[in-house]
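> Pasting the sequence and the predicted model now:
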Amino acid sequence: MAENIIEKIKKANLLGRGGAGFPTWIKWEAVKKQEGKKIYIIANGSEGEPDIFKDEYILKNHPQEFIEGIKIALQAFANSEAFIYLNHKYFDKYKKKLEKFSQGFPISYFRKTAGYLAGEETGLLNHIEGKRVEPRAKPPYPAEAGLYNLPTLINNIETYYRVFEIKNDIYQNKAFFSIEGDVKNRGVFEFPENYPVRKILEETGNWPSFDFFVQYGGGAAGAIYLPEELDEPKKGAASIIVFNHKKTDALKLMRKWAEFFSKENCDKCTPCRESSIRILEMMKKNHLDFDKLEKMFFVLDETSFCPLGKSMATPYKTLIEKVLKKEY
């Protein structure tokens, strides 16, 4: 069973839908090699970044298909048990609905009460185990030593939904894109996964008639793109946020990010902790020191312990380069 579904996932070239874009079949294959031990299967429904809501769209509109994807994983690996990890809002709204489809299978539900970093896969494991929510060193990777030090498969909610499609031969290489911001038609839309942002905005009636820029990949860590950069597919979490250039105060936008990162980092590593504090202090003074910021961005990129710190510099760097430096 495992060999068959893994081969189908590989042939479909399914990439994880949590934002990292890692080939799904490699994770499944790595877990398969650990058979003989108890195996945990986890659906990561943390979705804690601002203005991202495509996982909620699936929970609301396709709960059965999502649960079927979990069941396929349970059937693929012997002696396995599943956890569906949901942020507190989703847990409260959708747990009962999901339970109707998961009866008779070893599927438990875990209510996320920790912050954003609990969405990082090893922070998530620590949260379920009742430990301090902070990232673990890798290797070992969860596929080898995950929940309770046992082999663990962790995928995004949409990834399991797509596994259901692959198993039933209805997968069409599509992905869900959330659209937010200064647009007419906010919502979640399904398009081919390699669709350019320009086409997505045009075909949903959301291409602006005003001067704008876009944040792609999340409402905090996503990169900034100008209209002329939207003709190619983008990597990362499939979220599009449109900003009216004239109506958007770039410094206020940066302060919003700074407040988020300052609150949500776990304080484990110095680069992330100190940089988030210093950037927020700078935002509160409403003054940018580009030289200091450039040094902090370098340190974040090169020395942060986990992806949060490494991604923190991206929105600032791209906004400064493409928008702010033109205004200063």
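Structure's in. What do you need? Numbers count the residues shown, from 1 in each chain.
> Across the sheet, point out what pairs with the closest residue to G146 other than its chain neighbours.
Using CB to CB, 6 or more residues apart in numbering and skipping residues adjacent in sequence, the residue nearest G146 is T152, 2.6 Å away. All C-beta spots, glycine's among them, are computed from the backbone N, C-alpha and C. Beta-bridge pairing for T152 (DSSP bridges): Y40.
> Contacts only, for T152.
V31, I39, Y40, I41, I42, L125, P142, A143, G146 (CB atoms under 8 Å, 6 or more residues apart in numbering).
> mind running it again at 7 Å?
Y40, I42, L125, P142, A143, G146 (CB atoms under 7 Å, 6 or more residues apart in numbering).
> how close does it get to P142?
Per CB to CB, to the nearest Å, T152 is found 4 Å from P142.
> quick revisit: got the contacts of T152 as JSON lines, with secondary structure and pLDDT columns?
Below are the contacts of T152 laid out as JSON lines (DSSP: H, G, I helix; E, B strand; the rest coil; pLDDT from 0 to 100):
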{"residue": "Y40", "secondary structure": "strand", "pLDDT": "98"}
{"residue": "I42", "secondary structure": "strand", "pLDDT": "98"}
{"residue": "L125", "secondary structure": "helix", "pLDDT": "96"}
{"residue": "P142", "secondary structure": "coil", "pLDDT": "96"}
{"residue": "A143", "secondary structure": "coil", "pLDDT": "96"}
{"residue": "G146", "secondary structure": "coil", "pLDDT": "97"}
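> Tell me the one of the residues you listed nearest Y161?
Nearest to Y161 out of those is I42 (CB to CB; 15.0 Å).
> and the chain, what are its domains?
2-167, 174-244, 251-327 (automatic domain parsing).
> Mean pLDDT lowest where, among those domains?
Lowest mean pLDDT within the domains of the chain: domain 251-327, a mean of 86.
> Please compute how far that one lies from its chain's middle.
19 Å (CA atoms, centre = their mean, to the nearest Å).
> still on that earlier bit, shared neighbours, T152 and P142?
Joint contacts of T152 and P142 (CB under 7 Å, 6+ apart) are L125.
> which residue packs closest to E264, ignoring adjacent ones?
Y116 (3.7 Å).
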